[in-house]
Structure formats: structure tokens, C-alpha cells
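Peer 1: Provided below are the primary sequence and the corresponding predicted coordinates.
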Amino acid sequence: MKKVIYTSDATEAIGPYSQAILSNNTLYTSGQIAIDPKSGELITHNISDETHQVMKNLEAVLSAAEMDFSHVLKCTIFLKDMNQYAEINTVYAQYFGEKPPAREAVQVSVLPKHVNIEISLIASKK
């Protein structure tokens, strides 16, 4: 079973992909960047606000699949500058409880729309 997950409360796909796919109770999200879905504006003036917007977009996709951050098994963080890792972690930690998911963080040279961070995740219904 493959079900496309879509919500207008998260960033619209900017290419030929879905916001997320639900298959056998497992959700695979595409990477989210810090676009405010209401205004369409990029939030890039500081890494904390940018990370919060990414997490809000992921939260909206999770909600569309009837999940929340407690269902997240793994996240992948792509960031432009590893020197911002501590600030990103401070924001990221606010969205997870005592048992955060597995994760990797990878510095890359460029991201879509020249943002500073992109995050994708895998979640599973309990």
C-alpha cells in the first residue's frame, strides 16, 4: 500500500515529488525547508527561526498522516554550515521528548533555494 500524504499547511513540493508517502504504517517525508506555507516566504534571517519553520512544516506533514513527533524513528538533517549545529540542536530538541529518534547531520555545499537547513524524517504509527 502506498498513499500520498499532502497538506497545504507545509511547503508545496517544488519538483516532481510528494511531501510524504505512507506505506505499511511507515511515513517517509521529503525534505522540508523553511518556507512559510501561508505566505510562501523563505524564513532564512537566522538559523533558529529557519529550523523552527522546518520543524513546523514537518509537524504539519506528520499531522496529515495522523502522527506526531513521538512517531518519528529517524531524521536526516542537511545543513550548509556545521558551525550552526549547536543552534540547530537547541531548536530540534524542543520537538522531541526524552527518547529522540536516530539521526544524522550532514554538511552540504548547497540546498534548494539556497536555504541553510533541510530535514526529512521517517515515522511509524504505533
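Peer 2: Done, it's in. Residues are numbered from 1 along each chain as shown.
Peer 1: which residues in this protein form helices?
Peer 2: All helices of the chain, identified by DSSP state H, fall at 47-64, 85-93.
Peer 1: tell me which of those helices is the most buried.
Peer 2: Most buried of those, by mean neighbour count (mean count of other C-beta atoms under 10 Å): helix 47-64, with a mean of 20. The way it works is simple: take the backbone N, C-alpha and C, and place the C-beta from them, glycine included.
Peer 1: which of the helices of the chain sits closest to residue 108?
Peer 2: Nearest to residue 108 among the helices of the chain is helix 85-93; the distance by C-beta to C-beta comes to 13.2 Å.
Peer 1: which elements pack onto the closest one?
Peer 2: helix 47-64, strand 72-79 (3 or more C-beta pairs under 8 Å, 6 or more residues apart in numbering; DSSP states H and E).
Peer 1: and for residue 21, nearest residue in space, chain neighbours not counted?
Peer 2: Ranked by C-beta to C-beta, 6 or more residues apart in numbering and with sequence neighbours excluded, the top spatial neighbour of residue 21 is residue 28, at 5.1 Å.
Peer 1: how about the helices and strands packed on helix 85-93, which one is nearest residue 94?
Peer 2: helix 47-64 (7.9 Å).
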